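Chemist: Give me coordinates for this.
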Amino acid sequence: MAIKHSYSKIIYLTILGLCTLTANKAWADNGLNGIWQTTGYGFLFQIEDKNVTIFETTKISCYPSILSAGPLSVITRQPINEKVAATFPVSVPGFIDATIEVRHGDSDNTKSFFRTDTGAPMTATRISALPARCTQAISNNAVNTFDIFTAIFDEHYPFFDTFDIQWDKEDARSKAINISDDNSLFDLLLSLIEPLRDPHIILAAPALEKFYFGNEHLRRKPAYFDNKQLVGNFDYGTKLLLQNIETNYAANPLVYSCDNQFAVGEFAAGDIVDTNVNAAIGYLKINSFGDCAGNLNTILDTIIHSLSGKGALILDLRSNLGGSDKAALTVLSRFTDVVHHAYSKQVAVDYASQHRWTQPRPVFVSVSTGPSFRGTIVLLTDAGTLSAGETFTMGLKNRHPQIIHMGEATAGAFSDILPRVLPNGFLLGLPNERFINKNGNSFDSSGIQPDLLVRFNINDFKQGADSQLEAAIKAIAAKAQ
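Modeler: The predicted model follows:
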């Protein structure tokens, strides 16, 4: 028995050693080790076997990113010509919790780092070594922090001309020279970004408990927002709209799901507007786009089943604060029976110097294998429809049969938010992309215009009437006659 046990142990150790050698060889041969520099985005990815370090770079700086990476998992069971070579998790606590797929490029020296939550593939090229500035100590004083802040905007922010705003950097830098505390520096940086009123700019100093969120300072606001408050206006607006709909329009109480992300109901057209059409009209209010703790498709199955038998649907995206473009595409897949173009994305590259965009990357709406709604759709939007709510609108407007888009123009803020950390610990987020339609048009600042403009009448609303909702119901009734 002892001899048998010894042989078993030798065989086990031999197999273990072979497995270890095989694993080590897989890491050595995976073709991923090295330094990968993105086009746009300003990231360097340093891969050493399972370890991934992300650096944020400008022409004058390079240091570890606020976007932290977990261990790399190499995909070993698929042919080399398959897209995904490896994956690793990335996170910014309280802001980003996602996965990056490393995809094969056109050569051994090109890869695509694809963030699954945003659908943003970052094209990267292998470089021979980390730039020298990545290994140097970085000063966190006010002037250096200011210089890197402005360098980030110079290289990545493409909307100064859109908003007709240019910074007087010389004057602002002269003020930074005399600053010795973070409170004063925060106020200086805020004085630069605040006039932009860009919903996708964030500046946060948690240690000071000072925060700026651009989506609280919209250039255009829905009439039902409370102008006396900034924080919580989207929740406030959604609550007002839905309370009024439940009280004055819905045939039955609305059904909520996914932490109130969705509200579903129905209307009897003949009870609301002067029409002979009495068929029930479905209603779906989408307040944001998230994955519902991984249960999005299950929840959508239930929602679509509840719309069974209804020939028309009002999709209400008013006061939709956005969220995940990936989730928005998943919802879009429930309203089509054919793959179609949603939009194309472009990334700003060294924009102040080159005014350059990457080549458009098309994004398509797929066809869901689950239940779907193929009937008439009227879409309602307004100035409170932003970000993923707008990319959803772009995708839905390419649907066949065509939808009817009513209400008011969307907010005009599409890009994902590029996360950054400044040398003194301030957190920064800014947009660095544009979304274009099949004709090459983007809608930043102007927003997506509806097919039929219907203003929200705040005086009627105070009496319980929703002018935009009633216009949508009339449009459906007229189409059915």
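
Chemist: so how far is G40 from A352?
Modeler: 13 Å (CB to CB, to the nearest Å). Heads up, the C-betas are built off the backbone N, CA and C, glycines and all.

Chemist: what about these two, which has more around it?
Modeler: It is G40, of A352 and G40, that has more neighbours when counted by other CB atoms under 10 Å, with 22 against 15.

Chemist: Phi and psi next, for the nearest residue to the more buried one once chain neighbours are set aside.
Modeler: Distance criterion CB to CB, 6 or more residues apart in numbering; nearest residue to G40, sequence neighbours excluded, is V347 at 3.6 Å. As for V347, its main-chain torsions (degrees, to the nearest 10) stand at phi -120, psi 140.

Chemist: and K462, how many residues sit next to it?
Modeler: 10.

Chemist: I misspoke; the intended subject was N183.
Modeler: Counted with other CB under 10 Å, N183 comes out at 11.

Chemist: What's the first helix or strand after the helix or strand harbouring it?
Modeler: Under DSSP states H and E, the secondary-structure element containing N183 is helix 182-193. Remark: after helix 182-193, the chain's next helix or strand is strand 202-205, criterion DSSP H and E.

Chemist: now for that next one, which elements pack on it?
Modeler: If contacts are counted by 3 or more CB pairs under 8 Å, 6 or more residues apart in numbering; DSSP states H and E, strand 202-205 sits against helix 182-193, strand 210-213, strand 427-431.

Chemist: What's the mean pLDDT across it?
Modeler: Per-residue pLDDT values over strand 202-205 give a mean of 97.

Chemist: how about the helices in the stretch 201-350 of the chain?
Modeler: For the stretch 201-350 of the chain, applying DSSP state H, counting those that start in this stretch gives helices covering 233-248, 269-272, 296-306, 325-332.

Chemist: following the lowest-mean-pLDDT helix or strand in the chain, which helix or strand comes up?
Modeler: Counting by mean pLDDT, DSSP states H and E, the chain has its least confident helix or strand at helix 2-29, which shows a mean of 38. Counting by DSSP H and E, the element after helix 2-29 in chain order, helix or strand, is strand 34-38.

Chemist: distance between that following strand and the chain's centre?
Modeler: Taking CA atoms, centre = their mean, to the nearest Å, the mean C-alpha location of strand 34-38 is offset from the chain mean by 24 Å.

Chemist: after that strand comes which helix or strand?
Modeler: Downstream of strand 34-38, the first helix or strand assigned by DSSP H and E is strand 43-48.

Chemist: Neighbouring strands of that following strand in the sheet, and parallel or not?
Modeler: Using DSSP bridges, the strands paired with strand 43-48 are strand 34-38 (antiparallel), strand 51-58 (antiparallel).

Chemist: okay, those strands in CSV with mean neighbour count, distance to T125 and mean pLDDT next?
Modeler: Formatted as CSV, the strands paired with strand 43-48 follow (neighbours: other CB atoms under 10 Å; distance: least, CB to CB, whole Å; pLDDT from 0 to 100):
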stretch, mean neighbour count, distance to T125, mean pLDDT
strand 34-38, 20, 6, 97
strand 51-58, 20, 13, 97
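
Chemist: Which one, of the ones you listed, ends up nearest to S445?
Modeler: For the strands paired with strand 43-48, the distance to S445 is smallest for strand 51-58, at 25.3 Å, taking CB to CB.

Chemist: C-alpha coordinates for that closest one, CSV please?
Modeler: Extracted in CSV, the C-alpha atoms of strand 51-58 (Å, rounded to 0.1, in the frame of the first residue of the first chain):
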residue,chain,number,x,y,z
ASN,A,51,-1.3,41.5,-13.7
VAL,A,52,-2.8,44.6,-15.4
THR,A,53,-1.8,48.1,-14.5
ILE,A,54,-3.7,51.0,-16.1
PHE,A,55,-2.0,54.4,-16.5
GLU,A,56,-3.7,57.8,-17.4
THR,A,57,-1.6,59.9,-19.7
THR,A,58,-1.3,63.3,-21.2
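
Chemist: and the angle from that strand to strand 427-431?
Modeler: 70 degrees (axes from the mean of the first three to the mean of the last three CA atoms, to 10 degrees).

Chemist: who's in contact with strand 51-58?
Modeler: Strand 51-58 has contacts (CB atoms under 8 Å, 6 or more residues apart in numbering) with 37, 42-46, 62-72, 88, 90, 130-131, 133-134, 148, 151-152, 154-155, 420-421.

Chemist: For the next helix or strand after it, list every residue counted as buried.
Modeler: Downstream of strand 51-58, the next assigned helix or strand under DSSP H and E is strand 61-64. Residues S61, C62, Y63, P64 are the ones in strand 61-64 that count as buried (16 or more other CB atoms under 10 Å).

Chemist: and what of stretch 334-349?
Modeler: Buried, per 16+ other CB under 10 Å, within stretch 334-349: R334, F335, T336, H340, A342, Y343, S344, K345, Q346, V347, A348, V349.

Chemist: I'd like those written out as a markdown table, with distance to S446 and pLDDT added.
Modeler: Rendered in a markdown table, the data for the buried residues of stretch 334-349 read as follows (distance: CB to CB, whole Å; pLDDT from 0 to 100):
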| residue | distance to S446 | pLDDT |
| --- | --- | --- |
| R334 | 28 | 98 |
| F335 | 25 | 97 |
| T336 | 26 | 96 |
| H340 | 24 | 96 |
| A342 | 19 | 97 |
| Y343 | 15 | 97 |
| S344 | 18 | 96 |
| K345 | 18 | 95 |
| Q346 | 17 | 96 |
| V347 | 21 | 96 |
| A348 | 18 | 96 |
| V349 | 23 | 96 |
